[in-house]
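> fold the following and give me the result.
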Amino acid sequence: MIVVVGLPAYADSPDGEKCAGGLAVEVAAAARRRGSEVELVGKVGNDGAGDAVVVALGRLGVGHAALLRDPVLPTPVLAPAPVDDEAAELEADVPEGRVLPEDPAARPDLEAADIDLAIQFLPQAKVVVLAGPLAEGVVTAAAEAAAFESAQLVVLATAGAVPAGLPAATTVLETPPDDDGSFGRMVGMYAGALDAGVEAAAAFREAIGAAGWEQTAGA
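Numbering: from 1, shown residues only. Coordinates of the predicted model:
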């Protein structure tokens with residue numbers, strides 16, 4: 001089983017269907033499509049948008065037993081960015097755009113205690129993916145949980161913001177500033193391959209190939 005830790009958002013797909021969006025959802029959905037059992041650990045508001053995220057995750061086949069509700073703050077909304085090419089719009093699962101509210105402090109956030117609670121419901125995880133940005137305490141708690149379960153840890157970090165103190169065997173991948181959704185799909189394919197028992201280097205080659213990327217020399 002794969003556990004993806006991250007914060008989903010409410011989004012409208014290009015055809016107007018209510019759905020969930022954000023990096024954590026993209027990773028979880030891609031891993032599920034590859035055949036893995038996937039659970040999303042995150043938090044949404046106790047509102048209609050949060051209800052829509054739960055329904056969308058169910059349609060994707062992504063488990064949400066550890067998706068928590070914030071009683072005060074609203075579910076974030078992914079505002080689509082304009083697209084210049086109709087084909088690109090049809091290809092993307094969820095168009096990239098701003099997350100509203102823009103102030104992260106105005107959105108639900110995970111705490112270390114949330115991770116401790118969630119892992120109780122998700123034993124036997126083989127792969128844990130941290131789809132940040134996440135608070136330092138959350139990263140530490142998730143890394144400790146992964147180590148306890150002997151699970152492989154994958155951390156998605158922005159440039160120059162790699163969390164300190166990660167286990168030596170951690171896979172750290174840099175999140176591109178401008179992404180069309182292929183990064184999340186690549187990570188999900190990678191996690192799915194790891195979950196299936198594929199060796200890390202071979203899993204990465206499979207994932208970048210499936211995403212239509214090219215591996216550079218020395219990577």
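> in this structure, which residue is closest to the centre?
Ala24 (1.7 Å; Cα atoms, centre = their mean).
> that residue contacts Val5, correct?
Yes. Taking contacts as Cβ atoms under 8 Å, Ala24 lies within contact range of Val5: 7.3 Å. C-beta here means a position set from N, CA and C on the backbone, and glycine is covered the same way.
> who touches both of these two?
Gly42, Ala131 (Cβ atoms under 8 Å, 6 or more residues apart in numbering).
> now for the chain, the helix or strand with the poorest mean pLDDT.
helix 86-91 (a mean of 40; mean pLDDT, DSSP states H and E).
> got the phi and psi for the nearest residue to Glu206 once chain neighbours are set aside?
Leaving aside its sequence neighbours, Glu206 sits nearest to Ala193 (Cβ to Cβ, 6 or more residues apart in numbering; 5.2 Å). Backbone torsions of Ala193, given as degrees, to the nearest 10, read phi -70, psi -40.
> got the contact list for Ala193?
Ala193 touches Arg34, Ala202, Ala203, Glu206, Ala207, counting by Cβ under 8 Å, 6+ apart.
> tell me the SS of the closest residue in space to Asp195 that isn't next to it in sequence?
Distances taken as Cβ to Cβ, 6+ apart put Ser36 closest to Asp195, at 4.5 Å, once the chain neighbours are dropped. Here Ser36 is recorded as coil under DSSP: H, G, I helix; E, B strand; the rest coil.
> what do you get for the one 5 residues further on?
Three-state call for Val41 (three-state DSSP): strand.
> thought it was touching Ala125?
No. Using Cβ under 8 Å, Val41 makes no contact with Ala125, being 9.9 Å away.
> you'd agree Ala157 is up against Pro176?
No. Checked against Cβ under 8 Å, the pair Ala157 and Pro176 is beyond contact range at 11.5 Å.
> those two: which is more packed in?
The neighbour comparison of Ala157 against Pro176 (other Cβ atoms under 10 Å) goes to Ala157, with 18 against 11.
> in contact with the more buried one, which residues?
For Ala157, the contacting residues are Gly132, Pro133, Pro163, Val172, Leu173, Glu174, Thr175, by Cβ under 8 Å, 6+ apart.
> count the residues that sit near the fifth one.
Here the neighbour count serves as a burial measure; for Leu173 (other Cβ under 10 Å) it reads 15.
> and it, that one's in a strand?
Yes. Assigned with three-state DSSP, Leu173 falls within a strand.
> what sits opposite it in the beta ladder?
With DSSP bridges applied, Leu173 shows beta-bridge pairing to Leu156.
> just put the contacts of Ala157 in TSV and tack on pLDDT and distance to Cys19.
Formatted as TSV, the contacts of Ala157 follow (pLDDT from 0 to 100; distance: Cβ to Cβ, whole Å):
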residue	pLDDT	distance to Cys19
Gly132	80	22
Pro133	86	22
Pro163	87	29
Val172	93	29
Leu173	94	24
Glu174	91	26
Thr175	91	21
